[in-house]
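Participant: After the sequence you'll find the predicted model.
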Amino acid sequence: MFKKNNIEVYPVMVPTSNKLESINFFLVKHENSLLLIDAGLNNDECWNALQMTLKDHDYTLTDITAILLTHNHIDHIGLVNTIVSTHSIPVYAHPYAKLILNRDPHYMKLRVEFFRKLYLEMGCGKFGETQATDLRNPITIGENKKIHCEIQEITTNQLFGFEVLKIPGHAPDQVAFYNRECNWLFAGDLLIKHLPSNAMVEPNIDGTRTKSLAQQKQSLEKCLSLNADLVFSGHASIIEKPTNLIKERIKEIDEKASKYIPFIQSGISTASGIAKLLYKDKYEKKFFNTMSKIIGYLDYLEIQGKITKEIKKGIWHYHC
Ligand SMILES: [Zn+2]
């Protein structure tokens with residue numbers, strides 16, 4: 001338990017067998033509110049861990065007054081439907097998350113078309129096209145991942161004593177909740193202690209492509225400027241004095257970006273060409289993540305003026 005000024009935080013940390021180490025979400029007591037920041041995965045482990053944490057601190061499920069979501073990914077929203085069906089409380093998220101969480105039909109169509117076109121333009125051919133309709137990515141199209149209640153759009157900079165900071169990159173709708181008095185930051189998946197967070201390429205609301213890695217870097221810089229004492233992460237341990245780690249993550253982005261230059265200099269000009277050479281069988285097995293990573297870096301290098309691109313027969317070719 002973390003206690004400072006008028007805030008108490010009870011972390012719910014559920015171990016995982018994958019490299020993320022744990023799925024974390026947080027009960028936060030602030031004045032008359034008992035907030036739940038994120039809501040884990042929709043499974044028994046997360047549900048039991050939440051119940052146990054509530055019980056340990058003499059609360060029950062119905063004491064929770066609101067849910068705040070850092071972003072739309074399924075390991076952050078899993079218990080929302082169950083909690084809200086027990087007692088109706090407001091669920092807050094970035095306005096863009098609402099479209100995704102409620103599986104807005106227009107948005108879902110736009111999303112599939114976005115990826116179909118993107119993968120064709122990146123030289124992924126037929127394989128890319130089939131992947132676009134069967135997206136193995138953080139937003140599973142299935143109805144069982146849909147949030148059934150109405151999402152309250154976060155449109156102000158303040159919510160329950162927290163400043164709301166937009167920190168896109170890992171997800172276009174990612175927000176952080178910052179309590180200035182405690183100097184504590186709830187940052188979703190922006191910063192994970194032992195591994196760099198993925199910056200996912202996604203469509204913006206208008207269907208254009210997010211420059212996810214460039215956004216990720218800006219979001220890290222925004223959080224660096226806070227000089228926070230604690231970062232409550234969505235995975236693995238809670239991070240004390242995160243300044244050096246944030247600096248390291250920012251540096252890694254430039255180091256990794258520079259590794260793509262020799263491939264482009266050697267004449268491999270398409271994103272799919274780089275993916276096949278650099279990631280071998282991961283290209284097909286982890287298609288969404290691999291392409292997301294490469295496109296993110298190519299966009300980043302282009303913004304920096306280190307590479308240019310031209311379209312030939314519907315496919316983007318990159319040059320130094
Ligand atoms: Zn995530």
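Facilitator: Cool, the structure landed. Numbers count the residues shown, from 1 in each chain.
Participant: residue ranges for the helices of this structure, please.
Facilitator: Assigned by DSSP state H, the chain shows helices spanning 44-56, 74-77, 80-86, 95-101, 105-121, 125-133, 212-224, 243-258, 261-265, 271-279, 282-285, 287-303.
Participant: where's Ser225 relative to the ion, distance?
Facilitator: 23 Å (CB to the ion, to the nearest Å). Backbone N, C-alpha and C define where each C-beta goes, glycine included.
Participant: Can you verify my assumption that Ile64 contacts Leu35?
Facilitator: Yes: taking contact to mean CB atoms under 8 Å, the distance of 7.4 Å between Ile64 and Leu35 places them in contact.
Participant: who's more crowded, these two?
Facilitator: Ranked by neighbour count (other CB atoms under 10 Å), Ile64 and Leu35 place Leu35 first, with 24 against 21.
Participant: so who does the more buried one touch?
Facilitator: Counting by CB atoms under 8 Å, 6 or more residues apart in numbering, Leu35 touches Leu27, Val28, Lys29, Ile64, Thr65, Ala66, Ile67, Leu68, Phe160.
Participant: could you list every residue that touches the nearest residue to the last one once chain neighbours are set aside?
Facilitator: Excluding the flanking residues, the one nearest Phe160 by CB to CB, 6 or more residues apart in numbering is Ser33, at 5.3 Å. Taking CB under 8 Å, 6+ apart as the criterion, Ser33 is in contact with Thr65, Ala66, Phe160.
Participant: For the second one, give the beta-bridge partners.
Facilitator: Beta bridges link Ala66 to Leu35, judged by DSSP bridges.
Participant: Quick check: the residue of the stretch 1-150 of the chain nearest the ion.
Facilitator: Closest approach between the stretch 1-150 of the chain and the ion, counting by CB to the ion: His73, at 3.5 Å.
Participant: Distance-wise, check that residue relative to Asn179.
Facilitator: His73 sits at a distance of 23 Å from Asn179 (criterion: CB to CB, to the nearest Å).
Participant: What about Gln304, how many residues nearby?
Facilitator: For Gln304, the tally of surrounding residues (other CB under 10 Å) stands at 11.
Participant: The ion contacts on the stretch 151-300 of the chain?
Facilitator: Counting by CB under 5 Å from the ion, the residues of the stretch 151-300 of the chain close to the ion are Asp189.
Participant: Smallest gap between the stretch 151-300 of the chain and the ion, at which residue?
Facilitator: Using CB to the ion, the point where the stretch 151-300 of the chain gets nearest to the ion is Asp189, with a distance of 4.0 Å.
Participant: quick one: contacts for that residue?
Facilitator: Applying CB under 8 Å, 6+ apart, one finds that Asp189 lies in contact with Thr70, His71, His73, His76, His170, Ala171, Gln174, Ser197, Ser233, Gly234, His235.
Participant: any chance of those in a markdown table, plus pLDDT, neighbour count and distance to Gly128?
Facilitator: Below are the contacts of Asp189 laid out as a markdown table (pLDDT from 0 to 100; neighbours: other CB atoms under 10 Å; distance: CB to CB, whole Å):
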| residue | pLDDT | neighbour count | distance to Gly128 |
| --- | --- | --- | --- |
| Thr70 | 98 | 30 | 30 |
| His71 | 96 | 28 | 25 |
| His73 | 92 | 24 | 23 |
| His76 | 96 | 28 | 28 |
| His170 | 95 | 28 | 23 |
| Ala171 | 93 | 30 | 22 |
| Gln174 | 97 | 30 | 26 |
| Ser197 | 89 | 22 | 24 |
| Ser233 | 97 | 27 | 32 |
| Gly234 | 97 | 28 | 29 |
| His235 | 97 | 23 | 29 |
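Participant: Which residue comes closest to Glu121 once chain neighbours are left out?
Facilitator: Spatially, and ignoring its direct neighbours in sequence, Glu121 is nearest to Trp316 (5.3 Å; CB to CB, 6+ apart).
Participant: Please verify my assumption that the one you found contacts Ile307.
Facilitator: No: checked against CB under 8 Å, the pair Trp316 and Ile307 is beyond contact range at 10.8 Å.
Participant: How about stretch 307-317, which residues are buried there?
Facilitator: Of the residues in stretch 307-317, those with enough neighbours to count as buried (16 or more other CB atoms under 10 Å) are Ile307, Lys309, Ile315, Trp316, His317.
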